[in-house]
Structures are given as structure tokens and as C-alpha cells.
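Enquirer: Starting from these lines, generate the structure:
(chains A and B)
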Amino acid sequence: MTATPPALPVTTRRESLKSMMQIRQAEEDIQGLFLANLVRGTTHLAVGQEACAVGTAAALRAGDTVTCTYRGHHHALALGMSVKALMAEMLGRASGACKGKGGSMHMTDASLGLLGANAIVGGQIPIALGAALTAQIKQTGNIAVTFFGDGATNIGAFHESMNMAAIWKLPVLFLCENNQYGEYTPLHKSTPVADLAVRADGYGMPGEIVDGQDVEAVHAAVSAAADRAREGEGPTFIEFKTYRFRGHSRTDIGPYRPEGELEAWMQRDPIVILKERMIADGQLDETEYAELQAALEREVHSAIEWAKAEPFPTLDELTTDIYFEGA
Amino acid sequence: MTEMTYREAVKKALADELRSDPDVVFFGEDVAEAGGAFKVTPGLWEEFGPIRVRDTPISEQAIVGTALGAAITGLRPVAELMFADFIPVAMDQIVNQVAKYRYMSGGQFKVPLTIRSAQGGGAGFGTQHSQCAESWLMNFPGIKVVVPSTPADVYGLLRGAIREDNPVYVLEHKALYNMKGDVPDDLGPMPLGEAKVLREGTDVTIVAIQVMTHRSLEAAETLAAEGISCEVIDLRSMAPLDTTTIFNSIQKTNRLVIAEENPHSGGWGGDIVSLAADEGIYYLEAPIKRVNLGGSLIPYSPPLEDAAIPTAQRIADAVRGIVPAKTH
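Expert: Presented below is the predicted three-dimensional model:
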């Protein structure tokens, strides 16, 4: 991992801090909604991994596209999805991001470039190649980003996509949030290499290791890789070393974690890292931080109350959107 | 009217769509420089260039996923999976991604995507290169499935598929690639979902696709000499399925035989039976007969392969079993 990354402009720092805090607040409340049985099925929180999404989103520009995983609330919010649209989707309401048809694992907003969160490990990776192919053929200068976890680096779609993206020099970034666990299994039991970035070598593309807890490090690495992709230099694989502070899903509290591991990682909370850096640089004080936190709590709580009052989809929605039926 | 082979008609459809829409791109294994494993696509790479006509690695998941991603971002891709037997290798992308992408996003995307494969037996390719795939794909709402039987149909339906703003799987039958037929010079993209009555008759309806339509016509000719009048329907499209043409026919003939190149269990013939047994039950005067692979796979050895795949003789025998003998 690199040393201290270059400081972002103060406005970007403020936006990044706010975005990470908004994600954290939303996800803490989503867990409550799940326990209250208002969110059905399952839900996967990215608490602790916020910097990966926020630093990346800040490095992208309009026209770029993202595919991501079922652990994807942070990507959606970082890219600009409203908390209301997210919460309404969590609750299966008609005004949700996907009209209630997607749910927790499929946050999608094409207008933000968010081409979809995927519930099949690795399923989203080749789809990003297609977005990159469009950018390449139409010469838009846009790039495609695909997020996935450490577990996805053992599935075929990942390897096929790394290979084909490299052969075709597609403008795509492979962004791996290595949160150390594939569901309940630690990385060292599923994977014979400690650093996933080495897998890029086999596909002839740059592979980098980046501190996923440091939003400025994420931003710097993604920006550099994005520049290369836009210049026609092809794909990059970036491994963010990160950690999920919560379990895999639902009510998992992570009994499989070695003692002290969670506590050690929580010392590297991405929100605290940026907050302290801003305080040290005279860009933030505790009062402002507390006010921001209170404002975000109000925003998230009010979005949840709004979403709870929103109507469910009408039953005719069951069979709409299967096919495009327009002219 | 121009006579051409089924193979040439596929290529002409691809060329005409590549020519008419700059967003159409075509990729797959060995489709570009080599002209395709079945020599269906030679010349496309030369005419349309390496940006729009591409060879891929042998990576079926990447091929289908890339095509999907391209389709939702502004291209109109045609992807080839060389043999339909390779569909299972890409099944996640087809089932969980392509078919569901529009639905689970709440209708945010159009998916103008065509995938082509060669399917079917009778050519000695052995067990893993001879299956038909349409029944698998019919279980995934969100994908349309067409199964052309003639040069004209494969030309028009492939062009229609490429023009569709939905995913369409075009299954070409490899035993038909050398078949010759007339393609009208003014034939354009054909609508999907329309069956065709290939031969009118009054005693029994035979429903079939692809090679089975040709064998059904052969059976009908034999049976005509025995005084049995067969109506032969080519479904042409499995999804959407033209139920009207089927109902209209059994209303007239009151008897139904289904000829298909699939195992009995899970084959689409069961769907046709279900339709006939429900809305069509009062039309029927005899049991419905299905002619198919039974419980077998498709083997290599020529006599075994011939025994697996329904023949005109087997179709004719099924008809004889439910049509009373004519008195002359």
C-alpha cells in the first residue's frame, strides 16, 4: 500500500465525508428495518467499506458506468441515489429505485450510470465489459467500473472477463473490495494467495493494492487507472484492502472471526480516518461533525418514514417490464 | 426470389443488419477471421472490420455478459455461442442476467440483444454437440426464442430478432445449414411469434419445428397416399408461442401429434399438450401423441443416432395410431 495519498480539495473531502456518513447511517437503519421484518429476505451491509465506493464515485464522471454486488447500498448512495429511492426499494415500494422489483440486492439507477447490483457472485463483471465495449466502439471516453468482493476472484466469470478485457484493451476497472471473507470463510481458506492483486499478472494488466479504508487513497488509485483506461491503455485491477464491520448478511454477527480482528479493523474506520485528517488540517471541528451527523440522521429517518408510507406496487406490475413492449 | 442455403441466409441477415445499423456488432468464438465453425459468417469481418466483428476467447460467460452490457448501453449486439450445447456454460448470464435485467431494474433498460447458436442432432457430432436447447430457454420469461426451419425464415427471423428491443435467442439447426430454399428479394425483418401452417389438412394436426417440420411433411405425404389428411404447423417461435394457430388447427382436425427433437420429460411438447388439454380439450377426439427422444441421449454411432431422433416413419406411425383407418 502507498504512503499518505495526495489530499483532495476540501470540497471533495467534505462531500466524501458526508457521503460515507450518510451510507453508514442508512445501513445502520437498514439493519433495524430488517430486524423489524420490514426488509424481507436478506440484506448485506457494507459498513466499514464505505471509502471504496465513495472514493471511486468521486473519481468517475458523467457517462461512466458501474456494476456492483448485492453488498451494494454504498455504491448506490455514493453514486447519488437518493436515500428515499433506496429506502423505498428496501421496503418494496412502487417509488423505489427499481419500482420495488429489485430489493436490497439490486439497487439500480441507469440515470446515474449505476447499471445494477447483482446477486450472483461475479455475475456483474462481464456486464461491465459490455459497457466498456460500447464506450470503446462509440469512442465516448467513458469507462466502466465493476465492483466485486474477494470471493468473486474464484469464480469463472471473473477470470473470463479479466482475460477478455485485457485482450480487447477495454476501458474497464476491476475493483475488488477484499473484505477478508467470502460469506463466512476467511480468504486464506479459499484462496492460495494473500494478495489478490497478483492475479492481474496472469492477465497482463496492472494490479494494485490500495488501502480501502482511506478514501483519498481510493480516489487517487481509481483516478489514475481511469485516466489510463480513457487513454486507451486498457483495464486495471485494484484490490482494496478493507473489512466489513458487520456479518455477511441478515443476523450474522461473525462468530468465525478471530478474537481482536474486528476491533483492530475498527481502529481503521474510513469515516474516522478522513474526519481526523480534516480536523488536523483545520477543515472540520467536532461541532460541525456532530451537526452533520445529526442532519444525516434526520435525513435518513425522514426518508424511512416517507418510504413506509409509500404504496406498494399495484399487482399489474407483476407482469410488466418482463419485455419492452414499446414501439 | 433468390435460392440460397440456410447457411447463406444467416450470413445475409447478419450482413444486412450490420449494413443498416452502425450499432449492430457481432462477436463470438472464431466468427471473424475464420468465418465461423460452420462457415456461416465468412466475409463479415472483411466487410465490417475488426471493431464490429470480433473473435472472442473461448469464454461463454464473458461473451454473453459483454453482449448484455453492450445492449443496455447503446449497442445492438449479436453474440454467437458456437453450439447450443455450450449454453449451460453461460447459463448464469443467460438466466440470471439477460432474462432478468429489465425486470429487476423496474424497466430501466431495453435489452436489444441477439444470441445465436447451432443446435440439434443428425450430423454425428455426439452427445455433447447435438442437443436442442429451446425447451431450456422457454423456462425464462424475458427471453424470446426463435427456431427457424427454412432459409427464408432464418433470414427474416434473424433480422427480426436483431431489430427487437428484447433479448432473442436464435437457435439455428445445424442439419439445416445445407438446405436450399427461395428467399424473397424483398423479405425484410419478420415479426417473432407467428407460427406457419406448412400444409393444410383435416384429420390431424402435427406440430413441429426445424428438422421435425421437414420430417412431418414427409410423413404427411406418405399418409396422404393412405387417405389421411395432415395439417403441419411450424411453430417458428417458441417464445412467444402462437397458440391461436395451434387452436385453430385442432379445432378443425380434432387430433394432435407433436414431433420434437427433445427428451420427453421437460420437452416443449408437454406445453402444447397442456394447452390442448385445457382450452382445446373439447376439440379433441383422440389421445395426443408425442414423438420425441423418449428417455435417450443422442449417441455418436450412426444407427443409434438415427434411432434416437424421430423419423418421418415414427411420426407417421403416431398419426396412424390416433386416426381411424380410412375405408376406401
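Enquirer: wait, isn't residue B:271 in contact with residue B:139?
Expert: No: with contact taken as Cβ atoms under 8 Å, residue B:271 and residue B:139 are classed as non-touching, separated by 10.1 Å. Using the backbone N, CA and C atoms, a C-beta is placed for each residue, glycine as well.
Enquirer: So for those two, which residue has more residues nearby?
Expert: Residue environment comparison for residue B:271 versus residue B:139 gives the larger neighbour count to residue B:271, 16 against 12, counting by other Cβ atoms under 10 Å in any protein chain shown.
Enquirer: right, and the helix or strand after the one helix or strand that one maps to?
Expert: The secondary structure element spanning residue B:271 is helix B:269-278 (assigned by DSSP states H and E). Proceeding C-terminally, helix B:269-278 gives way to strand B:289-291 as the next helix or strand, assigned by DSSP H and E.
Enquirer: Quick one: mean pLDDT for that next one?
Expert: Over the span of strand B:289-291, the pLDDT mean works out to 98.
Enquirer: neighbouring strands for it, and are they parallel or not?
Expert: Based on DSSP bridges, the strands next to strand B:289-291 in the sheet, each with its direction, are strand B:256-259 (parallel).
Enquirer: Not counting its own residues, what contacts the strand it pairs with?
Expert: The set of residues external to strand B:256-259 that reach it, using Cβ atoms under 8 Å, 6 or more residues apart in numbering or on different chains, is B:204-208, B:212, B:215-216, B:250, B:269, B:272-273, B:276, B:280, B:284, B:288-292, B:310, B:315, B:318-319, B:322.
Enquirer: How far off centre is it?
Expert: For strand B:256-259, the distance between its averaged C-alpha position and the chain's averaged C-alpha position is 17 Å (Cα atoms, centre = their mean, to the nearest Å).
Enquirer: Just the buried residues of that strand, please?
Expert: Residues B:256, B:257, B:258, B:259 are the ones in strand B:256-259 that count as buried (16 or more other Cβ atoms under 10 Å in any protein chain shown).
Enquirer: for stretch B:139-154, same thing?
Expert: Of the residues in stretch B:139-154, those with enough neighbours to count as buried (16+ other Cβ under 10 Å) are B:140, B:142-154.
Enquirer: Please apply the same query to stretch A:85-102.
Expert: Along stretch A:85-102, the positions that meet the burial threshold by neighbour count (16+ other Cβ under 10 Å) are A:85-93, A:95-102.
Enquirer: Of all residues in the chain, which one is nearest the centre?
Expert: Assuming you mean chain A. Per Cα atoms, centre = their mean, the C-alpha nearest to the average position across chain A is that of residue A:75, at 3.3 Å.
Enquirer: To clarify, I was referring to chain B.
Expert: Residue closest to the mean C-alpha point of chain B, counted by Cα atoms, centre = their mean, is residue B:147 at 1.5 Å.
Enquirer: so what's the closest residue to that one other than its chain neighbours up against?
Expert: Counting by Cβ to Cβ, 6 or more residues apart in numbering or on different chains, residue B:147 lies nearest to residue B:209, which is 4.6 Å off, once chain neighbours are set aside. Residues in contact with residue B:209, defined by Cβ under 8 Å, 6+ apart, are B:134, B:147, B:149, B:234, B:235, B:236, B:238, B:260.
Enquirer: Please name the spatially closest residue to the fourth one (chain neighbours excluded).
Expert: If I follow you right, that is residue B:234. Distances taken as Cβ to Cβ, 6+ apart place residue B:213 nearest to residue B:234, at 4.5 Å, with adjacent residues excluded.
Enquirer: From residue A:164, how far out is residue B:185?
Expert: Distance, residue B:185 to residue A:164, by Cβ to Cβ, to the nearest Å: 39 Å.
Enquirer: cool, and residue B:189?
Expert: Spatial separation of residue B:189 from residue A:164 under the definition Cβ to Cβ is 30 Å.
Enquirer: Which of these two has more residues huddled nearby?
Expert: Neighbours were counted for residue B:189 and for residue A:164 using other Cβ under 10 Å; residue A:164 has more, 26 against 19.
Enquirer: name the element the more buried one belongs to?
Expert: Using DSSP H and E, residue A:164 falls within helix A:156-167.
Enquirer: If you count neighbours, what's buried in that helix?
Expert: Buried residues in helix A:156-167, counting neighbours by 16+ other Cβ under 10 Å, are found at A:157, A:158, A:159, A:160, A:161, A:162, A:163, A:164, A:165, A:166, A:167.
Enquirer: So is that helix next to chain B?
Expert: Yes: contact of helix A:156-167 with chain B (Cβ under 8 Å from any Cβ of the partner chain) involves A:156, A:157, A:160, A:161, A:163, A:164, A:167.
Enquirer: Could you check how many residues crowd around the residue lying closest to residue A:321 once chain neighbours are set aside?
Expert: In this structure, residue A:321 finds its nearest non-sequential neighbour in residue B:107, 3.7 Å apart by Cβ to Cβ, 6+ apart. Other residues near residue B:107 number 18, with proximity taken as other Cβ under 10 Å.
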